[in-house]
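>>> only geometry, no sequence info:
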């Protein structure tokens, strides 16, 4: 199947899913990155701009990330509201006595705060929150549990990073945005590949069954193993057999 055909099917899936849910809209966190940009393009085509509410949530974000989100919204002709939660984040840290939390804890707190906001807007708009995880990120668990992993629907979870970039271009997004260095914007200098310890090119190749160097293969398999709990349903104790 050609990618364009699959994207058309994804549009139809989102349209049908919203109708069957008896809700009114989709809500999306728009970061300016290629994943959320592609999801925005698919959703806009699926249900129209009036049923898509996009938010760029700034928590100590690089100003360029917010500008990129605005550029994506302009190119796709979707509505975007910028929400600044930086002050709220620092207040939260203060209440938690979290000044000395490790960087990962602070980063995950930011991601979970973003999702709290998106679900609040979703309830106001009688909507569903769209996820932006691609196949690479899902496989190695590169998402925050109950953060960006807490969504209602995952439209691009079966696409590799290269396919996401190609898809963004098919929707007419500029090459500059489609090829933007992948970052969650959680701290200065942060990039996805540096955090994962493996490149998207190697991840794509691995998922497609191609040969990659042994070090990258071991890293991918290690990440997949230790993140299994993120992809599985919440464990439950066996049923209580009452007398």
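Thanks, I have it. Owing to the predicted nature of the structure, the values given are computational and were not obtained by experimental measurement.

>>> is it true that residue 85 touches residue 112?
No - the criterion here is Cβ atoms under 8 Å, and residue 85 misses it with residue 112 at 11.1 Å. C-betas here are computed from N, CA, C, even on glycine.

>>> so residue 157 makes contact with residue 135?
Yes - using Cβ under 8 Å, residue 157 makes contact with residue 135 at a distance of 6.3 Å.

>>> Neighbour count for these two, which is higher?
residue 135 (19 against 15; other Cβ atoms under 10 Å).

>>> Show me what the helix or strand that contains residue 5 is in contact with.
Using DSSP states H and E, residue 5 sits in helix 3-21. Contact partners of helix 3-21, identified using Cβ atoms under 8 Å, 6 or more residues apart in numbering, comprise 24-26, 42-43, 45-47, 51, 128, 153, 155-156, 159, 163, 166-167, 170-171.

>>> Make a ChimeraX selection of whichever of these turn out to be buried.
Restricted to buried positions by 16 or more other Cβ atoms under 10 Å, the ChimeraX selection for those reads:
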select :25,26,42,43,45,46,47,51,128,153,155,156,159,163,166,167,171
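
>>> Restricted to strands, list the contacts of helix 3-21.
Within the contacts of helix 3-21, residues falling in strands by DSSP state E are 25-26, 128.

>>> helices and strands of the protein: which one has the lowest mean pLDDT?
In the chain, no helix or strand scores lower on mean pLDDT, DSSP states H and E than helix 175-178, which sits at a mean of 74.

>>> who's in contact with that one?
Counting contacts by Cβ under 8 Å, 6+ apart, the residues outside helix 175-178 that touch it are 32, 34, 37, 68, 71-72, 75, 165, 168-169.

>>> ok, 7 Å please
34, 37, 68, 71-72, 165, 168-169 (Cβ atoms under 7 Å, 6 or more residues apart in numbering).

>>> Same check on stretch 85-102?
57-60, 109-110, 113, 117.

>>> How about the longest helix that the chain contains, which residues are buried there?
The single longest helix within the chain, with elements called by DSSP state H, is helix 103-124. Within helix 103-124, the residues that count as buried by 16+ other Cβ under 10 Å are 106-115, 117-119, 121-122.

>>> Low-confidence bits of the protein, can you list those?
Residues of the chain meeting the criterion pLDDT under 70: 182-187.

>>> The chain: helices as residue ranges?
With helices called from DSSP H, the chain shows them at 3-21, 34-47, 63-76, 86-95, 103-124, 135-140, 161-170, 175-178, 192-196, 200-207, 214-226, 228-231.

>>> Next, name the residue at the spatial heart of this protein.
The residue lying closest to the centre of the chain (Cα atoms, centre = their mean) is residue 132, at 3.1 Å.

>>> thinking that residue is in contact with residue 35, fair?
Yes - contact criterion Cβ atoms under 7 Å: residue 132 and residue 35 qualify, at 4.2 Å.

>>> joint contacts of these two?
Overlap of the contact sets of residue 132 and residue 35 (by Cβ under 7 Å, 6+ apart) consists of residue 156.

>>> Around residue 59, how many other residues sit close by?
22.

>>> Who are the contact partners of it?
Taking Cβ under 7 Å, 6+ apart, we find residue 59 in contact with 85-86, 89, 110, 113-114.

>>> mind running it again at 6 Å?
By Cβ atoms under 6 Å, 6 or more residues apart in numbering, the contact set of residue 59 is 85-86, 89, 110.

>>> any idea how far it lies from residue 70?
17 Å (Cβ to Cβ, to the nearest Å).

>>> Ok, residue 12 next?
Distance of residue 12 to residue 70, computed by Cβ to Cβ: 29 Å.

>>> burial of residue 239, as a residue count?
Neighbour count for residue 239, taken as other Cβ under 10 Å: 6.
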